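Chemist: Turn this into a structure:
(one chain, ligands or ions: 1)
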Amino acid sequence: MSDILERLDTALADRRHADPESSYVASLHNKGLNKILEKVGEEAFETVLAAKDADAKDPATQQALIAETADLWFHSLVMLSHLGLDHRQVLDELARRFGISGHDEKAARQQEDS
Ligand SMILES: N=c1c2ncn([C@@H]3O[C@H](COP(=O)(O)OP(=O)(O)OP(=O)(O)O)[C@@H](O)[C@H]3O)c2ncn1[C@@H]1O[C@H](COP(=O)(O)O)[C@@H](O)[C@H]1O
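Modeler: Now for the predicted structure:
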């Protein structure tokens, strides 16, 4: 799983300065951060719609949700790449959080803020 993220991030770095005519990744970077963020928002919305339609008895709807989630992850990786980050920082953050209850983490944050 993280192997494909590794390979994808390498591909994203390689394609960043490619010809926008032949590379979708380069065309996104070329259009700039606002376009990339627009795509992330659009894919997030499409993922939510697909999740609403997903039905365990209908594999086509489940596949549609998987495809939309992949689009969302892909465009999120392009966003990170555009800002000089990659999936490893996100995996590190998830690893840091692993085993910490979301409720406990939120309570600790609120205590820090007060
Ligand atoms: N994983 C992906 C990937 N997932 C989705 N997409 C593209 O994301 C786009 C999303 O579809 P949409 O219909 O929402 O977008 P669109 O209508 O084409 O675009 P807009 O007009 O909305 O800007 C499609 O063009 C998909 O082909 C991807 N494009 C590239 N990759 C990876 O990135 C690598 C480099 O790609 P290129 O830079 O194109 O060579 C590829 O080898 C793949 O590994």
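Chemist: Residue ranges in this structure under the pLDDT threshold?
Modeler: Scanning the chain for pLDDT under 70 picks out the ranges 1-2.
Chemist: which bits of it sit near the ligand?
Modeler: With Cβ under 6 Å from any ligand atom as the criterion, the chain meets the ligand at residues 8, 11, 15, 23-26, 71, 74. Where C-beta positions appear, they are placed from N, C-alpha and C, glycine not excepted.
Chemist: farthest-separated two in those?
Modeler: Comparing every pair within the residues of the chain next to the ligand by Cβ to Cβ identifies 26 and 71 as the most remote, at 17.8 Å.
Chemist: Please point out which parts of the lengthiest helix in the chain sit buried.
Modeler: For the chain, the longest helix by residue count, based on DSSP state H, is helix 59-82. The neighbour-count check on helix 59-82 (16 or more other Cβ atoms under 10 Å) flags 61, 64-65, 68-69, 71-72, 74-82 as buried.
Chemist: what's the farthest-apart pair in those residues?
Modeler: The span of the buried residues of helix 59-82, defined through Cβ to Cβ, is set by 61 and 82 at 31.8 Å.
Chemist: Take the residues of the chain next to the ligand and, keeping just the buried ones, write it as a ChimeraX select command.
Modeler: Remark: buried members of the residues of the chain next to the ligand, expressed as a ChimeraX selection using 16+ other Cβ under 10 Å:
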select :8,15,23,25,26,71,74
